[in-house]
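Visitor: One predicted model, sequence on top.
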Amino acid sequence: MANLYIYPKSGEPSTFPLAGRRVTVGRSSANDIVLSDQFSSGVHAVIAPTEHGYALIDQGSKNGTFVNGRRVNGEIDLARGDEILIGSTRFFFDKDFQPPVETVEGTTFTHSSNTIIQVKDILRKTPGTGVIMKTPGGGLDLERLQKDQKTSSVLTAVSQALIYHMPLEKLLGHIMDVLIQHLPMDRGVLMIKNEATEALEPKVVRIQNGALRNQSIFVSQTIVRTALERNSAILISDIQADEDLREQFSVIQARIHSAMCVPLWNNQDIIGLIYCDRASLLEQFSEDDLRLLTLLGNLAAVKIENARLYEQALEKARQDRELALATQIQMNFLPRTDPDFAPYEVSGSARACRHVGGDYFDYIAVDKDRLALVIADVSGVGVSASLLMASLRGGLHERFPGVIDLAQVASHLNDFVYASSDSHLFISFFLAILDRTRDELSYVNAGHNPPLVVGRKGPAKSLETTGLCLGMFPGQAYREEKAGLAPGDILCLYTDGIVESRAGGGEEYGEKRLADKVRELRGRPAREIRDRLFEDVFAFSACDEAGDDMTLVVVKRNP
């Protein structure tokens with residue numbers, strides 16, 4: 001009866017008898033094998049019996065299913081000893097994993113000629129340090145000296161070959177070409193670790209022996225796992241002397257007799273590995289070859305990491321340029337000056353938590369005695385929110401001037417936003433028309449934070465919502481309301497970044513604190529009230545920049 005040996009990334013290993021039945025594997029509790037693994041899907045894979053044994057069937061998982069390091073597309077037959085990787089959980093089909101055996105000279109698999117040397121040990125013994133090597137008789141060890149001089153010259157040549165920057169994909173191919181130039185091999189493969197799944201992905205394959213081009217490259221999972229887990233360089237100097245390896249069909253078919261595997265270590269992390277083997281080249285790899293490949297691999301890893309950082313810096317610079325342009329475009333959408341609308345003072349400002357944001361405010365002259373006031377907040381921050389805000393502004397300005405029915409305007413904008421944005425994006429929106437002949441405010445509030453009217457006496461009045469946020473559902477109706485403004489009253493429009501700003505202990509700034517601060521500042525001009533409110537919010541949160549987009553519009557009726 002076939003068994004499945006399970007090795008989770010954390011926790012104890014276990015064994016699952018397949019018993020000739022179909023077995024599902026995944027994170028869902030309905031599976032036969034339930035994985036507590038964030039990188040696995042609900043139903044990740046199925047192991048099903050076939051006429052000849054068992055097959056593994058990937059269920060279209062996001063992070064993929066891997067057998068012996070290769071991603072499975074659809075269905076694949078399983079062979080005894082196959083290693084299956086689902087998320088970060090390893091499985092072995094019908095043959096338990098046997099860890100390497102420790103020895104004084106290193107770690108062996110089944111034969112003393114197959115050894116492991118830790119990368120750090122090799123790097124500590126880099127040649128060319130000025131040490132004079134002697135034979136037991138007291139003379140110079142000329143052979144050792146010549147080998148170390150050759151290694152030093154190779155390292156110098158490789159360093160020069162890798163000195164110039166090139167795109168990462170091109171660099172990986174160049175690295176393999178340089179390695180083959182200085183270390184003859186029949187086949188070689190450079191693999192890079194996927195940062196999300198931690199699975200090794202072949203990036204460059206070089207096959208020097210034409211007779212091997214149609215054959216798969218065999219890389220023992222035991223070798224790979226040991227190289228990664230122990231950060232060690234592995235030399236298989238005689239595959240035919242290793243009982244487990246020589247029985248592999250791909251080894252027999254390719255007639256491989258010697259192989260090496262070294263991790264790509266950048267002095268902090270292992271980012272991949274290099275595997276190479278010999279078939280037609282009769283000379284076996286030696287420990288000197290292993291040390292040279294390890295040194296070259298370390299140089300390559302550092303260069304790859306530098307190339308990654310360089311490309312990330314270029315990408316960041318490109319994004320910064322785009323965001324600076326978007327910031328300038330967005331600033332052109334917002335009012336540049338405060339409107340002249342005596343006896344009312346009106347002053348607003350927006351502070352984005354990134355270069356661009358989703359907050360919006362505006363003033364639109366309806367006629368000489370009526371001024372439209374707008375404040376809105378697009379869900380989310382960044383470029384996407386800013387673009388939707390720009391669309392809203394365009395749709396709003398289409399309606400002015402003209403016959404003003406605020407409920408109708410809100411309904412029109414709602415359908416426009418719903419049709420032109422993704423389902424997860426919506427806009428809280430407040431639109432009011434201030435009539436200075438009547439000292440009256442007509443408004444609609446589409447799910448926005450209720451603006452506050454702070455009078456000389458009594459509690460602040462909230463202008464509550466009169467409909468849902470724009471873009472949530474089509475065909476929504478909105479209700480228009482009115483509010484009067486007495487001499488000395490202050491109308492404060494704001495976005496949630498103001499009232500939801502938090503102190504170190506988690507306490508929110510809140511509407512009451514905002515109303516109290518407005519009342520405290522009531523004797524000052526509207527612009528100064530606005531600036532002092534921002535200062536108070538930043539002081540409360542002990543921060544000198546916005547943690548979320550923040551917008552304030554202060555309207556003060558003078559006597």
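Guide: Alright, I've got the coordinates. Numbers count the residues shown, from 1 in each chain.
Visitor: In contact with D415, which residues are there?
Guide: P474, G475 (CB atoms under 8 Å, 6 or more residues apart in numbering). In short, each C-beta sits where N, CA and C put it, glycine included.
Visitor: again, only this time at 6 Å
Guide: Counting by CB atoms under 6 Å, 6 or more residues apart in numbering, D415 touches P474.
Visitor: With the one 4 residues further on instead?
Guide: The neighbourhood of A419, defined by CB under 6 Å, 6+ apart, contains no residues.
Visitor: Distance-wise, check F16 relative to D549.
Guide: 51 Å (CB to CB, to the nearest Å).
Visitor: More neighbours: which of those two?
Guide: D549 (27 against 16; other CB atoms under 10 Å).
Visitor: So that one sits against Y360, correct?
Guide: No - D549 lies out of contact with Y360 (CB atoms under 6 Å); the separation is 9.4 Å.
Visitor: thought R206 was touching V189?
Guide: No - with contact defined as CB under 6 Å, R206 does not reach V189; the gap is 7.6 Å.
Visitor: quick one, which of the two is more surrounded?
Guide: Set side by side, R206 and V189 show more neighbours around V189, with 20 against 16, by other CB under 10 Å.
Visitor: what is the mean pLDDT for the helix or strand containing the more buried one?
Guide: Secondary-structure element containing V189, defined by DSSP states H and E: strand 187-193. Per-residue pLDDT over strand 187-193 has a mean of 89.
Visitor: Each with direction, which strands does the helix or strand just after that strand pair with?
Guide: For strand 187-193, the following helix or strand on the C-terminal side (DSSP H and E) is strand 200-207. Strand 200-207 pairs in its sheet with strand 187-193 (antiparallel), by DSSP bridges.
Visitor: Around the residue lying closest to D32 once chain neighbours are set aside, how many other residues sit close by?
Guide: Spatial nearest neighbour of D32, excluding adjacent residues (CB to CB, 6 or more residues apart in numbering): V23 at 4.5 Å. Per other CB under 10 Å, the neighbour tally for V23 reads 18.
Visitor: Then K62?
Guide: With other CB under 10 Å as criterion, K62 counts 10.
Visitor: how close does it sit to I86?
Guide: As defined by CB to CB, K62 lies at a distance of 12 Å from I86.
Visitor: Ok, I236 next?
Guide: From I236 to I86 the distance is 28 Å (CB to CB).
Visitor: for G188, same thing?
Guide: 29 Å.
Visitor: Look at those two and report which has more neighbours.
Guide: Taking neighbours as other CB under 10 Å, G188 and I86 compare with I86 leading, 27 against 22.
Visitor: right, and the more buried one touches V46 too?
Guide: No - with contacts counted by CB under 6 Å, I86 stays clear of V46, the gap being 11.2 Å.
Visitor: Pop out the phi and psi values for I76.
Guide: phi -140, psi 140 (degrees, to the nearest 10).
Visitor: Could you find the closest non-adjacent residue to D536?
Guide: Counting by CB to CB, 6+ apart, the residue nearest D536 is K517, at 5.4 Å.
Visitor: Let me know whether my guess that the one you found is in a helix holds.
Guide: Yes - according to DSSP: H, G, I helix; E, B strand; the rest coil, K517 belongs to a helix.
Visitor: mind checking how far it is from V553?
Guide: Taking CB to CB as the measure, K517 falls 15 Å from V553.
Visitor: residue boundaries of the strands in the stretch 451-559 of the chain?
Guide: Using DSSP state E, counting those that start in this stretch, the strands of the stretch 451-559 of the chain run over residues 452-454, 461-462, 481-484, 490-494, 550-557.
Visitor: Kindly state which of those is positioned closest to S258.
Guide: Evaluated over the strands of the stretch 451-559 of the chain, closeness to S258 peaks at strand 550-557, with 66.1 Å, by CB to CB.
Visitor: Could you list every helix and strand in contact with that closest one?
Guide: Here strand 550-557 touches strand 344-351, strand 359-367, strand 490-494, helix 526-540, going by 3 or more CB pairs under 6 Å, 6 or more residues apart in numbering; DSSP states H and E.
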